[in-house]
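Q: Could you look at this predicted model? Sequence included:
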Protein chains: 2
Amino acid sequence: MTAQVGARLRSDARDNRGRILAVARLAFAADGLDVPIREIARRADVGVATVYRHFGTKETLLAEAFAEQLTTCSSIVAEGLAAADPWRGFSLVIERLMELHALDRGFARAFTSALPEAAGFAEDRDRTLRMLLELVRRAKAAGPLRPDFVLEDVSLALMANEGIRAETPQLRVAASRRFAALMLQSFQADPVASPLPPPVRLPLSR
Amino acid sequence: MTAQVGARLRSDARDNRGRILAVARLAFAADGLDVPIREIARRADVGVATVYRHFGTKETLLAEAFAEQLTTCSSIVAEGLAAADPWRGFSLVIERLMELHALDRGFARAFTSALPEAAGFAEDRDRTLRMLLELVRRAKAAGPLRPDFVLEDVSLALMANEGIRAETPQLRVAASRRFAALMLQSFQADPVASPLPPPVRLPLSR
């Protein structure tokens, strides 16, 4: 094999990898995480074996397809944690996560699912969750966040956000915005609020 | 055709109709409204033509499959409207609708969708919505329901409720219960509450 042919093969492989990722992102966002590898291969115009050669497992493909959104999530939580007022920081996180998730249903589903095999994905997500937990602690200590709030409530709110359907992405984001404002209202400490039914362990918190 | 054969044929037709409805309920509840007629026919062990002969359209099949749950919804709202305290009545309606919907995802999806062709279904649902609107009016007039609450917020809450996933139906109901309590908290009038982002027109309110 000449150096030129080798370079050409490497460049084709890079193109394939990029195209598979782009196709996978669109497919998961539009049709959820159940889209099979063979369908992604078909849409990317490559063989199923090529997808497996590049990504090994569907979980790895998911993790790589959503790497950017996961970084965005992480930045959102880091920004919330950096806010001088923890309740303001917490509100910002809820509002922006819901908006991000409303725009990408595939990512939303991946974020609130247990994807243990996608180790990189789980680690990034867990680091984000640890920051979020610290923000929750501070917002409770400062007073405005209700004392019986638990991390599962973020999971509950994000899953619920996924259920909201509207005719266009714009309307979905607008509906999500109102929903986020309502959820934040419900999360506020209120001396006369009734106690909540107990939280339930949900995938995000595993 | 003898009277006996005629009776036998009518009895077979009744059996088929009942079996198709039972199968359709289970299929829609487990797999959503997209389950095709041919799959329902297959599971009910009848031909596709038999399903169409009994129900004419998929919308009619949906309406008949969910007739009982729709009656339950209607009773829940009627009971809420009959409560002496309108806020208590309203809370009861939200809690019980969410529980009912958490147990039957197919019905939940049908209830929050526009199914215009299923005329009977739409009429029943609209009558229930009119009662709900009256309950909302009373709960606002009495004070505890926030003045900027709109019927779309029930739609939003019910759709959001559909997004909640858990490992078992029991856990889903438990998670829905906490979610309902949070939503009710958010719906309460609060003189220091921030104004909400504008509501969005959603299928339920069409």
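A: Thanks, I have the structure now.
Q: list the buried ones in the helix or strand hosting residue A:68?
A: Of the helices and strands defined by DSSP states H and E, residue A:68 is found in helix A:67-82. Within helix A:67-82, the residues scored as buried using 16 or more other Cβ atoms under 10 Å in any protein chain shown are A:69, A:70, A:72, A:73, A:74, A:76, A:77, A:78, A:80, A:81. C-beta: built from backbone N, CA, C; applies to glycine.
Q: give me the low-pLDDT residue ranges for chain A?
A: Within chain A, the segments meeting pLDDT under 70 span A:1-2, A:9, A:114-121, A:203-206.
Q: For it, which residue gets nearest to chain B?
A: Of all residues in chain A, residue A:163 sits closest to chain B, with a separation of 2.5 Å (Cβ to the nearest Cβ).
Q: follow-up on the earlier one: I'd like the next helix or strand past the helix holding residue A:68.
A: If you walk from helix A:67-82 toward the C-terminus, the next helix or strand you reach (DSSP H and E) is helix A:86-103.
Q: Is chain B within reach of that following helix?
A: No. Looking at helix A:86-103 against chain B by Cβ under 8 Å from any Cβ of the partner chain, there are no contacts, and the closest approach is 9.4 Å.
Q: out of the buried residues of helix A:67-82, what pair is the most spread apart?
A: In the buried residues of helix A:67-82, the most distant members under the criterion Cβ to Cβ are A:69 and A:81, with 18.8 Å between them.
Q: Could you pull up the residues touching residue A:95?
A: With contacts defined as Cβ atoms under 8 Å, 6 or more residues apart in numbering or on different chains, the neighbours of residue A:95 are A:177, A:180, A:181, A:184.
Q: If we only consider those, which is nearest to residue A:108?
A: Out of the contacts of residue A:95, the member with the shortest distance to residue A:108 (by Cβ to Cβ) is residue A:180, at 13.3 Å.
Q: in a helix, that's where the closest one is, yeah?
A: Yes. With DSSP: H, G, I helix; E, B strand; the rest coil as the criterion, residue A:180 is located in a helix.
Q: Now do the buried residues in the longest helix along chain A.
A: The helix spanning the most residues in chain A, taking DSSP state H as the definition, is helix A:3-31. Along helix A:3-31, the positions that meet the burial threshold by neighbour count (16+ other Cβ under 10 Å) are A:16, A:17, A:20, A:21, A:23, A:24, A:25, A:26, A:27, A:28, A:29.
Q: Contact partners for the residue lying closest to residue A:176 once chain neighbours are set aside?
A: Spatial nearest neighbour of residue A:176, chain neighbours left out: residue A:102 (3.8 Å); criterion: Cβ to Cβ, 6 or more residues apart in numbering or on different chains. When contacts are counted by Cβ under 8 Å, 6+ apart, residue A:102 touches A:108, A:161, A:164, A:169, A:172, A:173, A:175, A:176.
Q: Can you pull the residues of chain A lying near chain B?
A: Applying the criterion Cβ under 8 Å from any Cβ, the portion of chain A that neighbours chain B consists of A:112, A:153, A:156, A:159-166, A:171, A:174-175, A:177-179, A:181-183, A:185-187, A:190, A:193-194, A:196-203.
Q: can I see the domain layout of chain A?
A: A:2-64, A:67-187 (automatic domain parsing).
Q: Of all these, which one comes closest to residue B:12?
A: Distances from residue B:12 to each of the domains of chain A were compared by Cβ to Cβ, and the smallest falls on domain A:2-64, at 38.0 Å.
Q: if we can go back for a sec, quick one, which of the domains of chain A is packed in tightest?
A: Most buried of the domains of chain A, by mean neighbour count (mean count of other Cβ atoms under 10 Å in any protein chain shown): domain A:67-187, with a mean of 19.
Q: just to revisit the earlier point, okay, the contacts of residue A:95 in a markdown table with distance to residue B:142 next?
A: As requested, the contacts of residue A:95 are exported to a markdown table (distance: Cβ to Cβ, whole Å):
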| residue | distance to residue B:142 |
| --- | --- |
| A:177 | 28 |
| A:180 | 27 |
| A:181 | 23 |
| A:184 | 25 |
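Q: Just the angle for the strand or helix carrying residue A:138 relative to helix A:67-82, thanks.
A: For residue A:138, the host element (DSSP H and E) is helix A:119-142. Helix A:119-142 and helix A:67-82 are oriented at 20 degrees to each other (axes from the mean of the first three to the mean of the last three Cα atoms, to 10 degrees).
Q: Mind giving me the packing neighbours of the next helix or strand after helix A:119-142?
A: Once helix A:119-142 ends, the next helix or strand along the chain (criterion: DSSP H and E) is helix A:151-163. Here helix A:151-163 touches helix A:86-103, helix A:105-111, helix A:119-142, helix A:169-187, helix B:151-163, helix B:169-187, going by 3 or more Cβ pairs under 8 Å, 6 or more residues apart in numbering or on different chains; DSSP states H and E.
Q: Setting aside sequence neighbours, what's the nearest residue to residue A:152?
A: Leaving aside its chain neighbours, residue A:152 sits nearest to residue A:199 (4.3 Å; criterion: Cβ to Cβ, 6+ apart).
Q: Kindly report the same for residue A:76.
A: Taking Cβ to Cβ, 6+ apart as the measure, residue A:76 lies nearest to residue A:96, with 4.7 Å between them; neighbours along the chain are not counted.
Q: next one: residue A:173
A: With Cβ to Cβ, 6+ apart, the residue lying closest to residue A:173 is residue A:102, at 4.9 Å.
Q: quick one: which of the helices and strands packed on helix A:151-163 is nearest residue B:52?
A: When those are compared for distance to residue B:52 using Cβ to Cβ, the nearest one is helix B:151-163, at 28.7 Å.
Q: And for the closest one, what's in contact with it?
A: Helix B:151-163 has contacts (Cβ under 8 Å, 6+ apart) with A:159-165, A:175, A:178-179, A:182, B:94, B:97-98, B:101-102, B:105, B:108-109, B:111-112, B:129, B:132-133, B:136, B:176, B:179-180, B:183, B:187, B:199-205.
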